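Visitor: My questions concern the predicted model and sequence given below.
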Amino acid sequence: MLYSHKGMPLVFVLARDWTLRTAVRAELRERGIDARGMDSADDVGRAIVAALPAVLVVEVISEFASNAAIRNLAARVPTIWIASRTEKIPLPAAPSAQMGPPNQRVGVVLYRPVRIAEIVSSVLDLLHKAQPA
């Protein structure tokens, strides 16, 4: 598992929806996870200079789903995609919940309406799976 400089797991929460971003971030921080909220791909680009996250949470909007930097990061880091059932935005590389060999991306798709507790539970599951045996 990757850690921030504080020794806590690092999670990026990328969402334009500030209520989603702040609620997920707050819940994760209450559980001892260094969760950083971001609302643009540029924010993510600046943040990965310091450290890669252990998990990435992304609100699926066309700007994020089509961004090459976000797609590349999602190919390297377990990602939780928060998608709409009504907007038809293609997900990058159709993530799945299957566990692969180390360094292979793991993904989860959660469809709105989704509870914050479901997102947090998925983050915790991915962090647990990322821990070495």
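Guide: Happy to help now that I have it.

Visitor: now the helices: where do they sit in this structure?
Guide: Ranges of helices within the chain are 18-30, 41-47, 62-65, 68-76, 116-130, based on DSSP state H.

Visitor: Among these, which comes closest to residue 90?
Guide: Residue 90 sits nearest to helix 62-65 of all these, at 6.6 Å, using C-beta to C-beta. For glycine as for every other residue, the C-beta is placed from the backbone atoms N, C-alpha and C.

Visitor: ok now the closest one, how far from the chain's centre?
Guide: Here helix 62-65 is found 14 Å from its chain centre; the criterion is C-alpha atoms, centre = their mean, to the nearest Å.

Visitor: please renumber so the chain begins at 2
Guide: Okay, residue one is now 2; in that scheme the one you just asked about reads as helix 63-66.

Visitor: quick one: buried residues of it?
Guide: 65-66 (16 or more other C-beta atoms under 10 Å).

Visitor: Name the surrounding residues that touch it.
Guide: 15, 17, 42, 59, 71-72, 90-93 (C-beta atoms under 8 Å, 6 or more residues apart in numbering).

Visitor: I'd like the average pLDDT over that helix.
Guide: The average pLDDT within helix 63-66 is 91.

Visitor: can I have it written out in PDB, keeping just the CAs?
Guide: The C-alpha trace of helix 63-66 is given here as PDB (Å, rounded to 0.1, in the frame of the first residue of the first chain):
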ATOM      1  CA  SER A  63     -16.800  13.800 -19.500                       C
ATOM      2  CA  GLU A  64     -13.900  16.100 -18.500                       C
ATOM      3  CA  PHE A  65     -12.400  13.500 -16.200                       C
ATOM      4  CA  ALA A  66     -13.300  10.400 -18.100                       C
END
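
Visitor: Over to residue 51: give its phi and psi.
Guide: Note on residue 51: backbone dihedrals following degrees, to the nearest 10 are phi -80, psi -40.

Visitor: That one and residue 84, how far apart?
Guide: Counting by C-beta to C-beta, to the nearest Å, the gap from residue 51 to residue 84 is 28 Å.
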